[in-house]
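Asker: From the sequence below, what's the structure:
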Amino acid sequence: MKNESKHPISSEGVKVKSLTNSNGNKVANQFVITTAEGTFFQSYGTIVAGYTETGLVFDADYWNYSRTTSRHRNNFTGLDSPETKKRIKEGQIKFQQLNPDNHYVGYGY
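Answerer: Residues are numbered from 1 along each chain as shown. The predicted structure is shown next:
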């Protein structure tokens, strides 16, 4: 039976790699996930942003969760905070629910 979930990331053909910082070092608990639906940035157990066929999308609840998350998000997108805010205002970055309701299940929350 096919999963009918509205979650935008399927598990088929998934590739996961650690996010690297500007010095080329892997960043703990920060991942780049590539799927048939696009390429996504995951911080710990939360999908924060992604590039899909419709463009750059941010999770509506977690895109600006903390200063550290924002720094890693900017690293993933290649945009600084002023440019990110400009593109949001212009509608170039869309918001979407990128995490299932129970995405913290299994993380002790």
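Asker: what's the burial count for Phe76?
Answerer: By the criterion of other Cβ atoms under 10 Å, Phe76 has 22 neighbours. All C-beta spots, glycine's among them, are computed from the backbone N, C-alpha and C.
Asker: Same check on Asn75?
Answerer: Under the criterion other Cβ under 10 Å, the count of neighbours that Asn75 has is 17.
Asker: give me the beta-bridge partners of Phe40?
Answerer: Applying DSSP bridges to Phe40 gives these bridge partners: Ile33, Gly50.
Asker: and Asn99, what is it in contact with?
Answerer: His7, Thr46, Ile47, Asp59, Asp61, Tyr62 (Cβ atoms under 8 Å, 6 or more residues apart in numbering).
Asker: Got the confidence number for it?
Answerer: Asn99 carries a pLDDT value of 89.
Asker: what does Ile88 give?
Answerer: Predicted confidence (pLDDT) for Ile88: 96.
Asker: tell me which residues of the helix or strand that it is a member of are tucked away?
Answerer: For Ile88, the host element (DSSP states H and E) is helix 81-89. For helix 81-89, the neighbour count (16 or more other Cβ atoms under 10 Å) marks Thr84, Ile88 as buried.
Asker: That concludes my questions; thank you for your assistance.
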